[in-house]
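Asker: My questions concern the predicted model and sequence given below.
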Amino acid sequence: MTTLLQINTSINNGNGQSSQLARQFVASYRKAHPDVQVRVRDVAAAEPIPHLDAERFGAFISQPEARTPAQQAFVAFSDMLIEELRKADVIVLGLPMYNFGVPSQLKAYFDHVARAGVTFKYTEQGPVGQLTGKKAYVFATRGGVYAGSPLDTQTGYVRDFLRFIGISDVTFVYAEGLAVNAQSREAGLARAAAEIERLAA
């Protein structure tokens, strides 16, 4: 049985275009893979991830026996997020662009799942990701048109982070020009929908 983890990062409580595209993909994927088990995590609205602070970071790097009860709770929350990722065969990420970057809530999520000795380890040859053997799909929605330009700060960052923790098979689907005008919005969403049907088959 395949396990799919859908991660929504829109601040619009599942109604953002990136969440809708991710949902469309999951629905199409279900048709082609009826035995798939789906877990949805909304890191921005329904289940917001706390941003990293000194106490949380200190909990992650401290020895288990030295952690305070509060730090133990921080680590348990991080462990839960990591276990979801570890169990997932397929990861579907809804990725809106806010002010030329990723949502800060996604950065907070990344900060909670990047744990030395857990999701990656340092070696003499450099860091080695531990969450291997997974396929990721990223549905990136933008008001303007940025893919392939210096203003696309998302693609490289997200691809590099996922590779850092061991997820190197990553496909991006872009829906751009959504705020330019109605025609551009319709065309951008139509291109993404066509790509979804192709990928989910």
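Answerer: Cool, the structure landed. Since we're looking at a predicted model, the values are computed, not measured.
Asker: can you tell me which residues contact residue 6?
Answerer: Contact partners of residue 6, counting by C-beta atoms under 8 Å, 6 or more residues apart in numbering, are 22, 23, 26, 38, 39, 40, 41, 92, 94. From N, CA and C alone the C-beta is placed, and that goes for glycine too.
Asker: so what's residue 192 closest to, chain neighbours aside?
Answerer: Closest residue in space to residue 192, ignoring its immediate chain neighbours: residue 175 at 3.9 Å, by C-beta to C-beta, 6 or more residues apart in numbering.
Asker: what's the spacing between that neighbour and residue 47?
Answerer: For residue 175, the distance to residue 47 (C-beta to C-beta, to the nearest Å) stands at 24 Å.
Asker: who has more neighbours, these two?
Answerer: Per other C-beta atoms under 10 Å, whichever of residue 175 and residue 47 has more neighbours is residue 175, with 24 against 13.
Asker: Report all helices and strands that the helix or strand hosting residue 195 contacts.
Answerer: If you go by DSSP states H and E, residue 195 is part of helix 182-200. Contacts defined by 3 or more C-beta pairs under 8 Å, 6 or more residues apart in numbering; DSSP states H and E place helix 182-200 against helix 17-32, strand 135-141, strand 169-175.
Asker: any idea of the angle it forms with helix 17-32?
Answerer: Per axes from the mean of the first three to the mean of the last three C-alpha atoms, to 10 degrees, the angle that helix 182-200 makes with helix 17-32 is 30 degrees.
Asker: so for helix 182-200, what's the average pLDDT?
Answerer: Across helix 182-200, pLDDT averages out at 95.
Asker: ok, now stretch 10-18?
Answerer: So the average pLDDT for stretch 10-18 ends up being 92.
Asker: And the strands in this structure, which stretches?
Answerer: Using DSSP state E, the strands of the chain run over 3-8, 37-42, 90-96, 120-123, 126-129, 135-141, 169-175.
Asker: With respect to residue 200, which of the ones you listed lies nearest?
Answerer: For these, the distance to residue 200 is smallest for strand 135-141, at 8.9 Å, taking C-beta to C-beta.
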